[in-house]
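Undergrad: Just need the structure, nothing else, for what follows:
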Amino acid sequence: MKILIKNAQIVNEGIVSENDVLIENDIISKIAKNISEENTEQIIDASGKYLLPGVIDDQVHFREPGLTWKGDIESESRAAIAGGTTSFIEQPNTVPNAVTQELLADKYEIASKKSFANYGFMMGGTNDNLEEVLKTNPRNVPGIKLFLGSSTGNMLVDNPETLENIFSNTKMLIAVHCEDEATIRENTQKYLDEYGEDIPVKFHHLIRSEVACYKSSSKAIELAKKTGARLHVFHLSTAKETDLFRNDIPLKDKKITAEVCVHHLTFTNEDYETKGGLIKWNPAVKTQKDKDGLWEALLDDRIDVIATDHAPHTWEEKQNVYTKCPSGAPLVQHSLTVMLENFKQGKISLERIVEKMAHNPAILFRIEKRGFIREGYKADLVLVDMNKNWTVEKENILYKCGWSPLEGMNFSTKVTHTFVNGNLVYDNGKINEEKFGERLLFEVEN
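TA: Model (predicted):
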């Protein structure tokens with residue numbers, strides 16, 4: 001199968017250039033001016049549109065197995081491709097938790113049949129599964145995930161000896177959720193004593209506080225430096241934490257890296273008043289000062305990656321009182337659009353968006369032949385119309401849970417086409433129901 005994309009403004013590796021792109025089967029075979037249209041089955045005129053590498057979201061929760069009333073691999077990967085995300089890395093706190101090789105393999109088996117996008121699944125660490133963790137194959141698993149703050153099931157890792165063992169004994173990337181459990185418990189009790197179960201959600205950022213985040217992330221970084229482990233800190237939420245990371249060496253040489261999520265770049269604690277539990281995330285959305293600090297660190301390269309922490313819950317679950325309202329919200333369909341809107345507002349360049357959402361996840365996780373528009377690379381591509389107005393509404397939300405914290409927001413950019421492994425999977429609102437997602441592979445150091 002040959003597909004020719006004509007006259008695209010290609011955003012790739014810090015440059016915007018007008019070129020044609022020829023896709024043969026699953027590969028980008030040629031990038032050049034005026035490629036011949038002969039023997040091509042499909043020609044797409046991309047005049048006036050921008051062609052980006054597909055987004056690689058390094059942190060999602062697609063809820064399968066065990067929590068599929070909220071979302072599943074099929075429904076959430078469908079939403080992903082509609083938003084320009086062509087690859088995802090999913091987290092182990094499903095039910096049962098993916099903390100054995102057998103349970104991890106089960107998730108890969110489900111995805112091989114159900115995923116619209118390319119997929120990788122993190123292996124989960126616990127206080128007592130080091131042996132299983134060390135069996136993980138770095139060629140086809142993206143890394144080890146540790147929750148250093150409370151999580152689903154048995155996934156809180158709070159034993160210092162266990163942590164040191166995991167950090168010392170694996171060469172794989174260790175991704176961490178950093179919030180200090182003791183601090184959170186103490187803060188929660190203070191508000192429970194005052195309000196009972198129905199704590200106003202506006203206090204969420206004071207319960208899951210700056211102190212809780214900084215205490216945990218600084219400790220994880222200290223341990224990584226001591227052991228030489230590769231550490232990736234998920235979803236930074238405070239300005240203070242950004243000072244723990246460096247920007248004086250290239251990403252490929254960094255052993256300690258950081259991610260920020262779209263919601264921490266979008267909302268502040270002021271928004272709890274109108275959005276309530278819909279924007280209750282862990283770590284919490286914090287202050288304007290924190291949001292500004294995260295933007296600054298993103299733009300000066302202390303923060304390496306933009307992701308979503310996509311985590312759907314049902315509308316009904318989100319209406320519960322504070323202590324029973326689960327944390328997390330769906331974002332994977334809208335992450336690129338939100339960032340493109342920030343480009344239109346002059347906050348970030350297109351080249352930097354592509355760097356933080358496609359190039360850098362590929363470099364950081366050492367993903368094989370993805371994340372760039374290069375000849376010989378997999379054809380995971382997104383075409384974007386930069387002048388198309390639309391509104392997030394129930395009717396165009398594809399998440400299984402059927403809602404979005406962005407509902408009612410207007411956008412002026414839209415994903416028009418998404419290609420996964422050379423296949424046109426999303427075309428102006430129409431989804432190709434055939435599933436072309438593949439297992440992500442990772443380059444391994446000798």
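Undergrad: Break down the stretch 51-200 of the chain into its helices, ranges please.
TA: Using DSSP state H, counting those that start in this stretch, the helices of the stretch 51-200 of the chain run over residues 73-82, 101-114, 130-133, 160-169, 181-195.
Undergrad: how about the ones you listed, which one is nearest Thr242?
TA: Closest approach to Thr242 among the helices of the stretch 51-200 of the chain (Cβ to Cβ): helix 181-195, 19.3 Å. Bear in mind the C-beta positions are built from the backbone N, C-alpha and C, glycine included.
Undergrad: what's the average pLDDT for the closest one?
TA: Average pLDDT, helix 181-195: 96.
Undergrad: Would you pull up how far it lies from the middle of the chain?
TA: What separates the centre of helix 181-195 from the centre of its chain is 29 Å, taken as Cα atoms, centre = their mean, to the nearest Å.
Undergrad: what packs against that helix?
TA: Taking 3 or more Cβ pairs under 8 Å, 6 or more residues apart in numbering; DSSP states H and E as contact, the helices and strands that helix 181-195 lies on are helix 204-207, helix 210-227.
Undergrad: For these, give me JSON lines that also has mean pLDDT, mean neighbour count and distance to Met122.
TA: Below are these laid out as JSON lines (pLDDT from 0 to 100; neighbours: other Cβ atoms under 10 Å; distance: least, Cβ to Cβ, whole Å):
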{"stretch": "helix 204-207", "mean pLDDT": "98", "mean neighbour count": "21", "distance to Met122": "26"}
{"stretch": "helix 210-227", "mean pLDDT": "97", "mean neighbour count": "19", "distance to Met122": "16"}
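Undergrad: I'd like to know which of those helices is closest to Phe147.
TA: Nearest of the helices and strands packed on helix 181-195 (Cβ to Cβ): helix 210-227, 10.2 Å.
Undergrad: and the angle from the lowest-mean-pLDDT helix or strand in the chain to helix 210-227?
TA: When each helix and strand of the chain is scored by mean pLDDT, DSSP states H and E, helix 160-169 comes last, with a mean of 93. Angle, helix 160-169 to helix 210-227, by axes from the mean of the first three to the mean of the last three Cα atoms, to 10 degrees: 50 degrees.
Undergrad: which one is Ala311 nearest to, not counting chain neighbours?
TA: Closest residue to Ala311 apart from its sequence neighbours, by Cβ to Cβ, 6 or more residues apart in numbering: Gly328 at 2.8 Å.
Undergrad: how long is stretch 126-133 end to end?
TA: 9 Å (Cα to Cα, to the nearest Å).
Undergrad: Which parts of it count as buried, going by neighbours?
TA: The neighbour-count check on stretch 126-133 (16 or more other Cβ atoms under 10 Å) flags Thr126, Asn129, Glu132, Val133 as buried.
Undergrad: Look up how far Pro138 lies from the second one.
TA: Put plainly, it is Asn129. Going from Asn129 to Pro138 by Cβ to Cβ, to the nearest Å gives 17 Å.
Undergrad: now the first one
TA: With the distance defined as Cβ to Cβ, Thr126 ends up 20 Å from Pro138.
Undergrad: next one: Ile367
TA: Distance from Ile367 to Pro138, by Cβ to Cβ: 12 Å.
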